[in-house]
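Q: what would the 3D arrangement of this be:
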Amino acid sequence: MAGITELRDAIIRRHAADFGSAYSREECMASAGGKLALFNSLQVLVDHGDEVIVPVPYWVSFKDIVEYAAGKCVFIETSESDGFKLTAEMVERSLTHRTKAIILNSPGNPSGAVMAPGELESVLRLAARRGIYVIADECYVYLNFSGTNTSAGSFPGVKEHLIIAGSLSKTYAMTGWRLGYALGPAPIITAMSKLQSQSTSSTTSIVQKAAVAALTGPQQCVADMRAEYIELRDFIVPALRAIPGIHCNLPQGAFYVYPNVSSYFGRGGLGSAADVANRLLHQAGVVTVPGEGFGTSEHIRISYATSRREIERGVERMAKFFAAL
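A: This is a model prediction of the structure:
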């Protein structure tokens with residue numbers, strides 16, 4: 001139930017070619033989306049009362065999956081003024097004797113923050129020394145705008161305490177096809193496969209074949225898409241910053257911006273990011289996601305995975321909405 005041999009081999013070879021990793025077939029499994037790879041890994045590793053470190057802001061599913069496994073989230077607050085960056089020192093301060101795992105998401109959803117390679121390696125080595133697992137959500141690993149694509153699997157000597165959850169959704173525009181994968185120690189991958197065999201069983205055979213074609217075919221489309229996202233990011237961030245009172249960091253990856261809208265709290269009946277998102281939807285026709293779901297209360301998340309024209313329309317509507325408050 002870990003996926004067809006052809007697909008697992010394609011995942012291993014693509015990861016090795018792009019990131020210098022060295023995984024065997026027994027250390028790889030396919031899943032029905034990257035989320036299921038995360039779910040399976042946390043269900044296998046986390047027991048009642050185990051602590052899992054989760055940097056803030058976080059993808060909303062992290063908290064729910066940890067709690068479903070009866071674990072306890074230990075949140076690390078990152079600083080907007082520092083680009084929501086996570087350091088090994090911050091992680092080390094949060095470790096206790098109950099720490100079982102650390103979730104890393106770089107590039108991150110919703111902030112677009114990217115861990116510096118040196119900090120990523122330091123966290124991996126810290127975890128390995130302490131016998132703590134790192135679960136690296138690398139859904140956006142190919143949408144890294146810093147100039148160097150880095151995977152947690154790039155660093156030697158840490159594989160025994162590392163599980164990588166990957167996805168083809170963003171890399172190959174296969175969202176909805178539900179094809180993810182996990183790379184990790186063979187005993188953990190085996191346990192995850194057993195769990196999966198009693199839930200989704202496996203992912204659709206047709207999609208597995210399509211994934212092989214994506215992984216083994218020409219890869220220029222990935223670079224072209226990344227370049228286009230950088231252009232869209234470089235358009236939307238100044239456009240949002242031009243709205244009085246809106247603060248917006250420059251994301252280093254993924255395809256989201258995470259502007260701070262708290263200067264408008266107290267105006268026009270707005271008291272939270274949820275209020276802002278609700279009013280933007282119903283009064284301006286702009287879809288955003290409130291930051292409360294990601295662990296912060298001052299921000300909204302906006303996806304710029306669309307055309308420049310649609311971004312222009314959306315920002316224009318937002319500017320008119322905020323100007324009227």
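Q: so Leu126 touches Arg93, yeah?
A: No - here Leu126 lies out of contact with Arg93, judged by Cβ atoms under 8 Å, at a distance of 11.1 Å. (Each C-beta comes from the backbone N, C-alpha and C, glycine too.)
Q: looking at these two, which is more packed in?
A: More crowded of Leu126 and Arg93, by other Cβ atoms under 10 Å: Leu126, with 18 against 9.
Q: could you say what helices and strands the host helix or strand of the more buried one packs with?
A: Following DSSP states H and E, one finds Leu126 within helix 117-130. Taking 3 or more Cβ pairs under 8 Å, 6 or more residues apart in numbering; DSSP states H and E as contact, the helices and strands that helix 117-130 lies on are helix 88-94, strand 99-105, strand 133-137, strand 162-167.
Q: how about residues contacting that helix?
A: The contact list for helix 117-130 (Cβ atoms under 8 Å, 6 or more residues apart in numbering) reads 85-88, 91-92, 95, 99, 102, 104, 106, 115, 132-134, 148, 150, 152, 154-155, 157-158, 160-162.
Q: off-centre distance for it?
A: Here helix 117-130 is found 19 Å from its chain centre; the criterion is Cα atoms, centre = their mean, to the nearest Å.
Q: need the helices and strands packed on helix 117-130 in JSON lines with distance to Leu195 and mean pLDDT, can you?
A: JSON lines is the format used below for the helices and strands packed on helix 117-130 (distance: least, Cβ to Cβ, whole Å; pLDDT from 0 to 100):
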{"stretch": "helix 88-94", "distance to Leu195": "27", "mean pLDDT": "97"}
{"stretch": "strand 99-105", "distance to Leu195": "16", "mean pLDDT": "98"}
{"stretch": "strand 133-137", "distance to Leu195": "15", "mean pLDDT": "98"}
{"stretch": "strand 162-167", "distance to Leu195": "13", "mean pLDDT": "97"}
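Q: longest helix in the protein, please.
A: In the chain, taking DSSP state H as the definition, the longest helix is helix 220-241.
Q: centre of the chain versus the following helix or strand past it, how much separation?
A: The helix or strand immediately downstream of helix 220-241 is strand 256-257, counting by DSSP H and E. Centroid separation between strand 256-257 and its chain, computed with Cα atoms, centre = their mean, is 12 Å.
Q: what of stretch 149-157?
A: That offset, for stretch 149-157, works out to 16 Å (Cα atoms, centre = their mean).
Q: list the buried residues in that stretch.
A: By neighbour count on 16 or more other Cβ atoms under 10 Å, the buried set for stretch 149-157 is 149-155.
Q: now the end-to-end length of that stretch.
A: 19 Å (Cα to Cα, to the nearest Å).
Q: one more: stretch 215-226?
A: End-to-end for stretch 215-226, by Cα to Cα: 16 Å.
Q: ok, back up a step: narrow the contacts of helix 117-130 to just the buried residues.
A: The buried subset of the contacts of helix 117-130 (16+ other Cβ under 10 Å) comprises 85-88, 91, 95, 99, 102, 104, 106, 115, 132-134, 150, 152, 154-155, 158, 161-162.
Q: where does the stretch 1-150 of the chain dip in pLDDT?
A: Within the stretch 1-150 of the chain, the set of residues satisfying pLDDT under 70 is empty.
Q: quick one: the helices in it, in order.
A: 5-19, 34-45, 60-68, 88-94, 117-130 (DSSP state H, counting those that start in this stretch).
Q: pipe these into CSV and attach distance to Gly180 per row.
A: Formatted as CSV, the helices of the stretch 1-150 of the chain follow (distance: least, Cβ to Cβ, whole Å):
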stretch, distance to Gly180
helix 5-19, 10
helix 34-45, 3
helix 60-68, 13
helix 88-94, 25
helix 117-130, 21
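Q: indicate which one of these is closest to Ile300.
A: Ile300 lies closest, by Cβ to Cβ, to one member of the helices of the stretch 1-150 of the chain: helix 60-68, at 13.6 Å.
Q: can you put the helices and strands packed on helix 117-130 in TSV and add distance to Asp50?
A: Converted to TSV, those look like this (distance: least, Cβ to Cβ, whole Å):
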stretch	distance to Asp50
helix 88-94	14
strand 99-105	4
strand 133-137	10
strand 162-167	15
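Q: and Asn249, which of these is closest to it?
A: Going by Cβ to Cβ, the one of those nearest Asn249 is strand 99-105, 15.9 Å.
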